[in-house]
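S.K.: please find the sequence and the predicted model below.
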Amino acid sequence: MYDVVVVGARCAGAATGMLLGRMGHRVVMVDKAGLPSDTLSTHGLLRGGVVQLSRWGLLDSVLASGTPAVTKVRFELPGETKLRRIKPRDGVDVLVAPRRQILDSLLADAAVESGAELRTGVTATGLLRGRDGRVTGIVGHDRDGDRIELPARIVVGADGRRSRMAEFVKATTLEHDTSPCAVFFTYVTGLAPDTYEFHLAPDAFAGVFPTHHDEACVWLIRPTPLLDPIRTAGSRRTEAFVEQLEQLVPSLGTRVRAGRITERLRGAADLPNYLRQAHGPGWALVGDAGYHRDPITGHGITDAFRDAELLATAVDAGLRDPSTERAAMSSYQETRNAMAREVLDLTRALTAFPAPERFVELQVQLSEVLEREADQLASFPGHQAVSSAA
């Protein structure tokens, strides 16, 4: 019998498992994929996410992995360029954009170091339930197809946007709409390794996140129909992407053309914005399994880290005193919803692509919200790793 089974061992699941392990609980994380492995992500962390890594004692490991320390942010607006340095705040003076196969593995390793178990190649296919209907574990199979049962006091679904766990527990969707935008991205050499870039043009938002191996993730977001020249280009999709950049944001497009594109173009269209019910008897959802929004606000990993900490705190309270479980888990959902609210609303406003002047105003509002959020995250109690001698 485990205290917690976590289904999904990437950003949200591994962070949840790590924190619960550090709190002294018996945790097993399962993931159908092998780790390390990549996943669809532009992987730029804003200050709140970096604050979490720092508080957890993992920022140095992320930087040591070869992630460049981003010290500047460049905003290129129609007729105007602004360059700002990252000012020290909440103990953080850099931003980072690690590749997901590296970040997810660092988090999973930290979870194992905390005492959590990690089983990859395990697919959850159903739930164990008690006579009262409470979830009491999962049923699944391993790579060989052998049946596995993992009983636990709490089951956490951290299995992403297409969460099977959300389906198994029949989590209610609290709100839902579809973003009208699409995003495409690839990796390019020869761009500044110390600068996040954001480029705004009418009905277009593009950016650069420096990452491992002297590469940068270069992305473009537009209303979905306006990206048809890329979506329908077939084998010329990468060339069509560069052509779009050259037309819309020439200063970036010229540098991308001069650099070397190292990976195939990837993308997604019409992504959902949603909030799902986050808990029920014996279960909880975290990360994209419970909350997702369009990537235009670049907040997905920070969402995952924030919600992992909120959930771990609630689960810890309920495991230590079962009489408090319902209140603690309700508080988790309420706090998650409250902290997500402003970014979700700004996401919807930005994906409507208002006139550039209004888009800039919304970006300023977003920056203010993100700084307040980082302050709030910095105020959470510390969850550093506990040494074996402690």
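M.R.: Cool, got the structure.
S.K.: list the helices and strands the top strand by length along the chain packs on?
M.R.: Secondary structure of the chain read by DSSP state E shows that its longest strand is strand 147-157. Contact partners of strand 147-157 among helices and strands, from 3 or more CB pairs under 8 Å, 6 or more residues apart in numbering; DSSP states H and E: strand 2-7, strand 27-31, strand 123-129, strand 135-141, helix 164-168, strand 283-285, helix 300-320. All C-beta spots, glycine's among them, are computed from the backbone N, C-alpha and C.
S.K.: can you give me the angle the lengthiest helix in the chain makes with helix 300-320?
M.R.: Ranked by residue count and defined by DSSP state H, the top helix of the chain is helix 325-351. Interaxial angle, helix 325-351 versus helix 300-320 (axes from the mean of the first three to the mean of the last three CA atoms, to 10 degrees): 170 degrees.
S.K.: buried stuff in helix 325-351?
M.R.: For helix 325-351, a neighbour-count test (16 or more other CB atoms under 10 Å) marks 325, 328-329, 331-333, 335-337, 339-340, 342-344, 346-351 as buried.
S.K.: other SSEs contacting it?
M.R.: If contacts are counted by 3+ CB pairs under 8 Å, 6+ apart, helix 325-351 sits against strand 272-276, strand 279-280, helix 300-320, helix 356-378.
S.K.: out of these, the one nearest R161 is which?
M.R.: strand 272-276 (7.3 Å; CB to CB).
S.K.: surely R306 touches L46?
M.R.: No - judged on CB atoms under 8 Å, R306 makes no contact with L46 at a distance of 11.3 Å.
S.K.: tell me which of those two has more neighbours.
M.R.: R306 (28 against 22; other CB atoms under 10 Å).
S.K.: check contacts around the more buried one.
M.R.: By CB atoms under 8 Å, 6 or more residues apart in numbering, the contact list for R306 reads G48, Q52, R336, M339, E373, L377.
S.K.: which residues touch the second one?
M.R.: Spelled out, it's Q52. Each residue near Q52 by CB under 8 Å, 6+ apart is listed here: A15, T302, F305, R306, E309, L377.
S.K.: by contact count, what packs against the strand or helix carrying I221?
M.R.: In this structure, I221 sits in strand 215-223 according to DSSP states H and E. Here strand 215-223 touches strand 181-189, strand 204-210, helix 237-248, going by 3+ CB pairs under 8 Å, 6+ apart.
S.K.: okay, the ones you listed, which one's buried deepest?
M.R.: strand 204-210 (a mean of 24; mean count of other CB atoms under 10 Å).
S.K.: distance between that strand and the chain's centre?
M.R.: 17 Å (CA atoms, centre = their mean, to the nearest Å).
S.K.: strand partners (parallel or antiparallel) of that strand?
M.R.: strand 195-201 (antiparallel), strand 215-223 (antiparallel) (DSSP bridges).
S.K.: how about that strand as CSV, C-alpha atoms only?
M.R.: Taking C-alpha atoms only, strand 204-210 is exported to CSV below (Å, rounded to 0.1, in the frame of the first residue of the first chain):
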residue,chain,number,x,y,z
ALA,A,204,1.2,37.8,-35.0
PHE,A,205,3.3,37.1,-31.9
ALA,A,206,6.7,35.5,-32.2
GLY,A,207,9.6,34.8,-29.8
VAL,A,208,12.9,33.2,-29.0
PHE,A,209,13.7,31.1,-25.9
PRO,A,210,17.5,30.1,-25.7
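S.K.: may I see the strands paired with strand 204-210 arranged in a markdown table, with mean neighbour count, distance to V249 and mean pLDDT as well?
M.R.: Output for the strands paired with strand 204-210, formatted as a markdown table (neighbours: other CB atoms under 10 Å; distance: least, CB to CB, whole Å; pLDDT from 0 to 100):
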| stretch | mean neighbour count | distance to V249 | mean pLDDT |
| --- | --- | --- | --- |
| strand 195-201 | 21 | 4 | 97 |
| strand 215-223 | 24 | 8 | 98 |
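S.K.: present those as CSV; the columns should include distance to G21.
M.R.: Output for the strands paired with strand 204-210, formatted as CSV (distance: least, CB to CB, whole Å):
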stretch, distance to G21
strand 195-201, 32
strand 215-223, 31
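S.K.: right, and those - which one's nearest L106?
M.R.: Short answer: strand 215-223, nearest of those by CB to CB, at 18.0 Å.
S.K.: gap between A69 and T324?
M.R.: A69 sits 41 Å away from T324, going by CB to CB, to the nearest Å.
S.K.: I meant E175, not that one.
M.R.: For E175, the distance to T324 - CB to CB - is 28 Å.
S.K.: now swap in V28 and tell me
M.R.: V28 sits 23 Å away from T324, going by CB to CB.
S.K.: tell me the pLDDT of N273.
M.R.: For N273, the pLDDT comes out at 97.
S.K.: is it bridged to anything, and to what?
M.R.: D177.
S.K.: right, and it touches D177 too?
M.R.: Yes - N273 lies in contact with D177 (CB under 8 Å); the separation is 5.2 Å.
S.K.: tell me, what's touching those two both at once?
M.R.: Taking CB under 8 Å, 6+ apart as the criterion, N273 and D177 both touch R348.
S.K.: middle-most residue in this structure, spatially?
M.R.: What sits nearest the mean C-alpha location of the chain, by CA atoms, centre = their mean, is I301, with 2.3 Å.
S.K.: which residue packs closest to that residue, ignoring adjacent ones?
M.R.: G49 (5.1 Å; CB to CB, 6 or more residues apart in numbering).
S.K.: contacts only, for D228.
M.R.: Contacts of D228 (CB under 8 Å, 6+ apart): none.
S.K.: can you point out the helix or strand that includes it?
M.R.: Using DSSP H and E, D228 sits in helix 228-231.
S.K.: can you pull the buried residues of that helix?
M.R.: I230.
S.K.: ok, the nearest residue to R164 once chain neighbours are set aside to A192 distance?
M.R.: Among residues not flanking R164 along the chain, A124 sits closest, at 6.4 Å (CB to CB, 6+ apart). Separation of A124 from A192 (CB to CB): 43 Å.
S.K.: so for the two, which sits in the more crowded spot?
M.R.: Neighbours were counted for A124 and for A192 using other CB under 10 Å; A124 has more, 23 against 15.
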